[in-house]
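Trainee: what would the 3D arrangement of this be:
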Amino acid sequence: MNKHCVTVFYDGSCESCVRDRFRFEQWLGKRSGQIEWFDITDKDDELRGIDIDPALALRELHVRDCNGVVYRELDAYIILLRLVWWLKPVTWFLQFPPLKRWVSQWYRQHIDQRLAREGRG
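Mentor: This next block holds a predicted model:
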């Protein structure tokens, strides 16, 4: 992959999101340059310019691949997890429809609770 082949749109004002970013950079090591981290904080116009709804960007991870395709929520995590060799097997399980639905539901509840605690939900 080329440098900055994948763009991850993350909430830089969210402590756990920043920790997740740091964790992925550690896991990727020398290959961390494959990811461009785009902090969505106060970037509503830029997000709209690339057809990402700013409200959804707060509630769902968005990842743009090398071809410019934007993936959301669990599909975005699958793209991201595939970059870490030892997490690739997890993506096989996440694509199993019943498990994918359950994890998606859990994820949405978790994010909505976090945003409500922060007064942003």
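
Trainee: dump the residue contacts of the nearest residue to residue 64 once chain neighbours are set aside.
Mentor: In space, and not counting its chain neighbours, residue 64 is closest to residue 7: 4.3 Å by C-beta to C-beta, 6 or more residues apart in numbering. All C-beta atoms are positioned from the backbone trio N, CA, C, and that covers glycine. For residue 7, the contact set (C-beta atoms under 8 Å, 6 or more residues apart in numbering) comprises 35, 36, 37, 38, 63, 64.

Trainee: pick the one among these closest to residue 52.
Mentor: Relative to residue 52, the closest of these is residue 64; by C-beta to C-beta it sits at 8.7 Å.

Trainee: re earlier: and the contacts of residue 7, which are buried?
Mentor: With neighbours counted by 16 or more other C-beta atoms under 10 Å, the contacts of residue 7 contain buried members at 35, 37, 38, 63, 64.

Trainee: please point out which parts of the lengthiest helix in the chain sit buried.
Mentor: When every helix of the chain is counted residue by residue (DSSP state H), the longest turns out to be helix 97-117. Within helix 97-117, the residues that qualify as buried by neighbour count (16+ other C-beta under 10 Å) are 100, 103, 104, 107, 111, 114.

Trainee: ok, so of the residues you listed, who is nearest residue 50?
Mentor: residue 111 (21.0 Å).

Trainee: wait, doesn't the closest one sit right on residue 59?
Mentor: Yes. The pair residue 111 and residue 59 passes the contact test of C-beta atoms under 8 Å, sitting 5.3 Å apart.

Trainee: on that earlier part again, now, the most widely separated pair of the buried ones among the contacts of residue 7?
Mentor: Considering C-beta to C-beta, no two members of these lie farther apart than 37 and 64, which are separated by 11.8 Å.

Trainee: assumed residue 22 was part of a helix.
Mentor: Yes. Secondary structure assignment places residue 22 in a helix (DSSP: H, G, I helix; E, B strand; the rest coil).

Trainee: local confidence estimate at it?
Mentor: In the predicted model, residue 22 carries a pLDDT score of 96.
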